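Chemist: need a structure here:
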Amino acid sequence: MRLRAPEPTTSGGLPAELAAGPDPDYWTAERCPGRPWRGPEIAWRVAGEEWSRAHGLGPLGWKDLLPEAVRYATSSLGRWHIMKGGLRPPWEDRTESYP
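Modeler: Predicted structure coming up:
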């Protein structure tokens, strides 16, 4: 059975807070009460999976709608580059430099 894609919007079909990535200023336990978040990235991924299921895309279908920079920064290779200081995630303040 083929699932129907959501209607496109200006944010690629995703709510802006999902399309922006796991911004630690947004995805906090205070904003998502009653759930055992281990951190902003977990909260963001769970919210993305819930949105995806609600729109008939399956648990990982939402990732195909992410902007390219966010999709890369949240991949295993992107996370490794961030850890090594070679990539600044799109949701971080770009005015500061890495230590």
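
Chemist: Next, the buried residues of stretch 48-59.
Modeler: For stretch 48-59, a neighbour-count test (16 or more other C-beta atoms under 10 Å) marks Gly48, Glu49, Trp51, Ser52, His55, Leu57 as buried. No exception for glycine: its C-beta is placed from N, CA and C like everyone else's.

Chemist: Mind giving me the packing neighbours of the lengthiest helix in the chain?
Modeler: For the chain, the longest helix by residue count, based on DSSP state H, is helix 40-54. Contact analysis of helix 40-54 by 3 or more C-beta pairs under 8 Å, 6 or more residues apart in numbering; DSSP states H and E lists helix 16-19 as its packing neighbours.

Chemist: thinking Trp51 is in contact with Pro15, fair?
Modeler: Yes: counting by C-beta atoms under 8 Å, Trp51 sits close enough to Pro15 to count as a contact (6.8 Å).

Chemist: what's near enough to touch the residue nearest to the spatial centre of the chain?
Modeler: Centroid-nearest residue in the chain: Gly21, 3.5 Å away (criterion: C-alpha atoms, centre = their mean). Gly21 makes contacts with Trp44, Leu66, Val70, Ala73, Thr74, Pro89, Pro90, Trp91, as judged by C-beta atoms under 8 Å, 6 or more residues apart in numbering.

Chemist: again, only using 10 Å
Modeler: The contact partners of Gly21, taken as C-beta atoms under 10 Å, 6 or more residues apart in numbering, are 27, 40-41, 44, 66-67, 69-71, 73-74, 89-92.

Chemist: now Pro24, what's its secondary structure?
Modeler: In the three-state summary, Pro24 is assigned as coil, counting by DSSP: H, G, I helix; E, B strand; the rest coil.

Chemist: what pLDDT does it get?
Modeler: Reported pLDDT at Pro24 in the predicted model: 84.

Chemist: swap in the one 4 residues further on?
Modeler: The per-residue pLDDT reported for Thr28 equals 79.

Chemist: what do you get for Ala69?
Modeler: Looking at Ala69, its pLDDT is 90.
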